[in-house]
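# here is a sequence with its predicted model. Questions after.
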Amino acid sequence: MQRKVPFSEGEYYHLYNRGVERRIIFISAADYKRYLVLLYLANSDQDVRIDNLLKTYRYEEILTHERGSPLVAIGAFCLMPNHFHILATPLVPDGLSRFMLKLQTGYSMYFNKRYTRTGSLFQGPFKSEHAGKDTYLKHLFSYIHLNPAKLKDPHWKNKIRSGRGALRKFVDEYPYSSLGAYLNNVHTISDPTLFPRYLSSQKEVDAHIADWLAPSTT
């Protein structure tokens, strides 16, 4: 649903949006990488020009570049061809709105310039849902990280089968989500320290994903 009340520090929010008319917003690997860099650099109380950094640094190096104080803590994210999901909590007043404005504006400007287009890229302002209960927060965390499973098998949830090892491998290795950071315990864009322990523990995260991918028996 659309945001109707101010975001509160210490609370958790599911943020998402998709391309206008459901269009593809990530066409190439370079587009995904650009958005990943924006997830890092837009999360700052300073204005940093990515194009200037790209003249000197590689994408991976930018993700460790000094950016100032973050506006939000990102607990999970996933980029899909025509939409994205982010789980975040604001760290400063109006931090979440400022972050999302910088993120969406920065990527839209990049995309329109790269593909010689004009007009809105996203379906209006970003959408948000408050994740106030532990049960929903756990569900959301797994839901975000399991989104890539649809790319390998759109109907995987409805199938009764035991061969889900390949699906788990695909999800684990998907390069445009935060799951790999949790499994490897190496975080740059995401920051689990301000989220409940059941989301930040490497063992717990592995168990969450395994439970969701367990073959159906009914």
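Done, it's in.
# can you list the weak-confidence ranges in this protein?
Of all residues in the chain, those with pLDDT under 70 make up the ranges 1-5, 159-163, 215-218.
# M100 contacts K127, doesn't it?
No. M100 lies out of contact with K127 (CB atoms under 8 Å); the separation is 10.2 Å. For the C-beta atoms, the positions are set from N, CA and C on the backbone; glycine is no exception.
# what do these two both touch?
Common neighbours of M100 and K127 are listed as L15 (criterion: CB atoms under 8 Å, 6 or more residues apart in numbering).
# name the element the spatially most central residue of the chain belongs to?
By CA atoms, centre = their mean, the chain has its centre lying nearest to F77, at 2.0 Å. Using DSSP states H and E, F77 falls within strand 72-80.
# what pairs with the following helix or strand past that strand, parallel or antiparallel?
Counting by DSSP H and E, the next helix or strand C-terminal to strand 72-80 is strand 83-90. Its sheet considered, strand 83-90 pairs with strand 13-18 (antiparallel), strand 72-80 (antiparallel) by DSSP bridges.
# any idea how far the first one is from the middle of the chain?
Its chain's C-alpha centre and that of strand 13-18 lie 9 Å apart, by CA atoms, centre = their mean, to the nearest Å.
# which SSE is immediately downstream of that strand?
Next along the chain after strand 13-18, taking DSSP H and E as the criterion, comes helix 29-41.
# what's the offset of that next one from the middle of its chain?
For helix 29-41, the gap between its own C-alpha mean and the chain's C-alpha mean amounts to 11 Å (CA atoms, centre = their mean).
# got the angle for that helix vs strand 72-80?
170 degrees (axes from the mean of the first three to the mean of the last three CA atoms, to 10 degrees).
# hang on, the earlier thing: looking at the strands paired with strand 83-90, which is buried most?
When you average the neighbours per residue for each of the strands paired with strand 83-90 (mean count of other CB atoms under 10 Å), strand 72-80 leads with a mean of 23.
# contacts for that one, please.
12, 26, 32, 35-36, 39, 43, 84-91, 95-96, 99, 140-141, 144-145, 147-148, 150-151, 174, 176-179, 189-195, 199.
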